[in-house]
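Engineer: here you go, sequence then predicted model.
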Amino acid sequence: MDRQLFTARLQQKLLLSEAAQCYHLEFSIDELSHFDFAAGQFISCVAVDDKGKTQTRAYSIASAPRANQFDLCINRVQNGFFSNLLCDLEPGQTLQIHGPHGLFMLRQPLTDSIFIATGTGIAPIRGFVEWLFPESGEDRSQGRPVWLVYGTRHEPQIYYRKYFEKVAAEHHNFHYLSTLSRPHDGWEGLHGYVQNHVAEIVTERARKHSEPVVTVAEPTGFDIHAYICGLNNMVSANREKLKELGWQRKQIIFERYD
């Protein structure tokens with residue numbers, strides 16, 4: 001079945017990290033008044049390469065819905081056709097896309113949540129946070145605790161740091177933790193891999209509740225979920241850690257991009 005293609009025009013391009021060659025790209029679809037998607041979904045980009053072959057690549061949307069716009073978070077990859085095409089786009093240039101697609105979305109009714117990401121896996125998580133805590137409009141978090149545990153190797157690769165710190169400063173129920181696996185001298189933040197800090201959050205939450213690690217809100221659902229996005233090894237490590245802590249499979253929602 002042929003998918004409907006839309007023309008997305010680049011409005012703004014921001015360099016998130018010189019060292020990682022990571023860009024934040026803001027697009028609009030001028031032919032639509034609204035581009036309807038759920039935070040966490042992805043779009044597919046379509047283009048013809050130098051050999052005349054049509055290439056398609058999926059990218060998570062790095063924003064919550066807003067009119068006919070969406071954002072992407074893109075790392076330049078050596079010899080990567082699509083990553084270089086996107087990173088080289090300039091405002092005013094266009095791209096063919098289709099979508100939205102995907103089931104990496106917040107479960108309803110909303111529960112306490114732990115967001116876990118590394119690298120550009122932060123893209124759909126940014127969409128979750130924008131949706132839950134909009135700059136204007138009603139807070140959708142319902143006061144439920146939300147943790148974001150973001151891991152990377154080096155400090156310049158902590159994407160959207162100021163944004164998440166601002167949300168945490170303005171919302172008492174949003175907790176932002178960034179951790180480095182290869183910290184430089186003088187780094188005063190968290191060290192190590194995300195799964196270790198996730199385990200601390202889960203066990204401390206259970207201790208405060210004086211309940212087992214996994215608690216059930218009602219017969220039909222859980223009162224906490226984890227949403228994981230990143231490379232396969234990280235996703236697998238967190239899934240295993242949560243299972244060790246007694247979590248059930250349906251509490252763990254994940255998306256991996258390798």
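Structural biologist: Perfect, I can see it now. Numbering: from 1, shown residues only.
Engineer: shaky segments in the stretch 101-250 of the chain?
Structural biologist: Residue ranges of the stretch 101-250 of the chain with pLDDT under 70: 210-220.
Engineer: where along it do the helices fall?
Structural biologist: Ranges of helices in the stretch 101-250 of the chain, per DSSP state H, counting those that start in this stretch, are 122-132, 161-170, 194-209, 232-244.
Engineer: with distance to residue 89 and mean neighbour count added, can I get the ones you listed in JSON lines?
Structural biologist: Where C-beta positions appear, they are placed from N, C-alpha and C, glycine not excepted. Shown next, in JSON lines, are the helices of the stretch 101-250 of the chain (distance: least, C-beta to C-beta, whole Å; neighbours: other C-beta atoms under 10 Å):
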{"stretch": "helix 122-132", "distance to residue 89": "17", "mean neighbour count": "25"}
{"stretch": "helix 161-170", "distance to residue 89": "22", "mean neighbour count": "14"}
{"stretch": "helix 194-209", "distance to residue 89": "31", "mean neighbour count": "16"}
{"stretch": "helix 232-244", "distance to residue 89": "28", "mean neighbour count": "17"}
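Engineer: now those as JSON lines including distance to residue 13?
Structural biologist: Formatted as JSON lines, those follow (distance: least, C-beta to C-beta, whole Å):
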{"stretch": "helix 122-132", "distance to residue 13": "15"}
{"stretch": "helix 161-170", "distance to residue 13": "17"}
{"stretch": "helix 194-209", "distance to residue 13": "28"}
{"stretch": "helix 232-244", "distance to residue 13": "28"}
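Engineer: of those helices, which is nearest residue 15?
Structural biologist: When the helices of the stretch 101-250 of the chain are compared by C-beta to C-beta, helix 161-170 sits nearest residue 15, at 13.9 Å.
Engineer: contacting residues around the residue nearest to residue 190 when sequence neighbours are not counted?
Structural biologist: Distance criterion C-beta to C-beta, 6 or more residues apart in numbering; nearest residue to residue 190, sequence neighbours excluded, is residue 179 at 3.8 Å. Shown in contact with residue 179 (C-beta atoms under 8 Å, 6 or more residues apart in numbering): 149-151, 189-194, 197.
Engineer: mind doing that once more with 6 Å?
Structural biologist: Shown in contact with residue 179 (C-beta atoms under 6 Å, 6 or more residues apart in numbering): 151, 190, 192, 197.
Engineer: okay, now the domains of this structure?
Structural biologist: 6-101, 112-256 (automatic domain parsing).
Engineer: quick check on the contacts of residue 179: which are buried?
Structural biologist: If you count burial by 16 or more other C-beta atoms under 10 Å, the buried members of these come out as 151, 190, 197.
Engineer: dig out what the residue nearest to residue 190 forms beta bridges with.
Structural biologist: residue 151, residue 190 (DSSP bridges).
Engineer: that one and residue 88: what is the separation?
Structural biologist: Distance from residue 179 to residue 88, counting by C-beta to C-beta, to the nearest Å: 32 Å.
Engineer: same check on residue 126?
Structural biologist: 23 Å.
Engineer: try residue 4
Structural biologist: According to C-beta to C-beta, residue 4 stands 26 Å off from residue 88.
Engineer: residue 70 now?
Structural biologist: For residue 70, the distance to residue 88 - C-beta to C-beta - is 19 Å.
Engineer: for residue 42, same thing?
Structural biologist: Counting by C-beta to C-beta, the gap from residue 42 to residue 88 is 21 Å.
Engineer: compare neighbour counts for those two and give me the winner.
Structural biologist: residue 42 (22 against 11; other C-beta atoms under 10 Å).
Engineer: give the contact list for that one.
Structural biologist: So residue 42 contacts 58-60, 101-102 (C-beta under 6 Å, 6+ apart).
Engineer: what are the phi and psi values at it?
Structural biologist: When read as degrees, to the nearest 10, the backbone of residue 42 gives phi -130, psi 160.
Engineer: residue contacts, residue 91?
Structural biologist: So residue 91 contacts residue 10 (C-beta under 6 Å, 6+ apart).
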